[in-house]
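Trainee: Got a predicted structure here, sequence first:
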Amino acid sequence: MKTMLNIFFCMLLLVSCRNNNNAVQEATEKATYTNPLNVAFGDPYILKAADGKFYMYGTSGENGFKTYSSGDMISWKDEGRIYTGGHDSSWAVDAFWAPEVYERNGKYYLFFSANWKHNPTKELENFRIGVAVADKPTGPFKEMSDKPVFDPGYPIIDANVYFDDENGKCYLYYSRACYKHPVKSEVADWAKQEGFAKEIEESWIYGVELKPDFTGVTGQPVLLLSPPKSMSDKQAEWESRSVTAKEVNRRWTEGSFIFKEKDVYYMMYSANYFGGQYYAVGYATAKHPLGPFTKAENNPILQKNTAQGGDVTGTGHNMALRLSNGDMYTVYHGRTTKTGDERVVFIDKMRIDSSGRLIIDGPTTTPQPVPVVK
């Protein structure tokens, strides 16, 4: 009789746990959040760490970086400063931008952009990419070297790292800054004819194999993406809006983020002026981490929505995050009428349809289902 009672109570407990789990899942599915989140970051990046929490890093105008933690990707706790640069032993002076943190073998590695103090020609933009390491996602992060990862001979920003499970290699992606990089194109000819600008500077995205210990690169960087030369190119209209609207005399290709789906490499990137309303996101695909990449027909996949009655502009510098249930989200910054010039964080659902097209359901400012993170 005692055995039968034990079995009965175990069955009741099992049913109760199952009902509780179902109730939690149903409550999560019914719960909503609304963009933008209460985090004022540019260039946001989210890491899901070994402790099960999410950590968000971004550009905040500080002399270094801070992070926020969350258990649900929606409510974020300020964890304070994680890295400080600009001191005597640092290679970096100022302009700390676009941090990304990767967990490898129990350590956390912070890749970031900053102005290099080694500047004999006194360049106004002397950006390079560095790495700092910590034992925890909240730091403190210490620079691995007293110099950047490498020096290509021109200013670079927006590091993104991809670890390829197939060949065991890792790759560093970055954007060559527009600074002192005038490029001949039909858009540049148009700007000169209009009397708007004598030249148009451009930023281009490169990729290069990264040494496993992050102390340098292997081989030469490969040019992967750049703005179209011809105004008849299907990508030229959206990638040139900051110029054709006479907002600024630069065309950017920056903020890259790469991931793999089946046998295709997807590289997401941002175009136009990060401080303006036309900042937008597109993507390109390839069969190899170093290309060649082909830009997608359905670009841009994320842009301002003011023409549709919304109040979001300046959407860009995104990253993609896949959850354990297979759902994909993109994390990016934007601006609203209420937030003004301050960049704030948005999180929206993204997906790949049956034809391989990447689609972002955003920007949204209406209630959205809370992500299922467990």
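Mentor: Right, received. Where do you want to start? Residues are numbered from 1 along each chain as shown.
Trainee: What's the local residue count around Ile157?
Mentor: 25 (other C-beta atoms under 10 Å). For the C-beta atoms, the positions are set from N, CA and C on the backbone; glycine is no exception.
Trainee: Pro227 too?
Mentor: For Pro227, using other C-beta under 10 Å, the count is 24.
Trainee: Would you confirm that it contacts Glu237?
Mentor: No - look at Pro227 against Glu237 with C-beta atoms under 8 Å: they stay out of range, at 11.3 Å.
Trainee: Could you point out which residue ranges in this structure have low pLDDT?
Mentor: Applying pLDDT under 70 to the chain flags residues 1-29.
Trainee: Tell me the helix or strand right after the strand of greatest length in it.
Mentor: Looking across the chain with DSSP state E, the single longest strand is strand 312-322. Where DSSP states H and E defines the elements, the next helix or strand beyond strand 312-322 is strand 328-336.
Trainee: ok, then the element right after that following strand?
Mentor: strand 344-352.
Trainee: Would you mark the buried spots in that following strand?
Mentor: By 16 or more other C-beta atoms under 10 Å, the buried positions in strand 344-352 come out as Val344, Val345, Phe346, Ile347, Asp348, Lys349, Met350.
Trainee: Which parts of this structure are helices?
Mentor: Counting by DSSP state H, the chain has helices at residues 2-30, 186-193, 236-239, 241-244.
Trainee: from memory Met56 sits against Pro44, does it?
Mentor: Yes - with contact defined as C-beta under 8 Å, Met56 reaches Pro44; the gap is 5.9 Å.
Trainee: which residues are in contact with both of those two?
Mentor: Listed as contacting both Met56 and Pro44 by C-beta atoms under 8 Å, 6 or more residues apart in numbering are Val331, Val345.
Trainee: on that earlier part again, from the contact counts, what lies against the longest strand of the chain?
Mentor: Where contact means 3 or more C-beta pairs under 8 Å, 6 or more residues apart in numbering; DSSP states H and E, strand 312-322 is packed against strand 42-48, strand 253-261, strand 264-271, strand 280-286, strand 328-336, strand 344-352.
Trainee: Mind doing that once more with 7 Å?
Mentor: If you count contacts as 3 or more C-beta pairs under 7 Å, 6 or more residues apart in numbering; DSSP states H and E, strand 312-322 packs onto strand 42-48, strand 253-261, strand 264-271, strand 280-286, strand 328-336.
Trainee: buried sites along that strand?
Mentor: Of the residues in strand 312-322, Val312, Thr313, Gly314, Thr315, Gly316, His317, Asn318, Met319, Ala320, Leu321 count as buried by neighbour count, 16+ other C-beta under 10 Å.
Trainee: Thought Gln277 was touching the second one, still the case?
Mentor: Meaning Thr313. Yes - using C-beta atoms under 7 Å, Thr313 is in contact with Gln277, at 3.9 Å.
Trainee: what sits in contact with each of these two?
Mentor: Shared contacts of Thr313 and Gln277, defined by C-beta atoms under 7 Å, 6 or more residues apart in numbering, are found at Lys304.
Trainee: from the buried residues of strand 312-322, which single one is nearest Lys184?
Mentor: Gly316 (25.6 Å; C-beta to C-beta).
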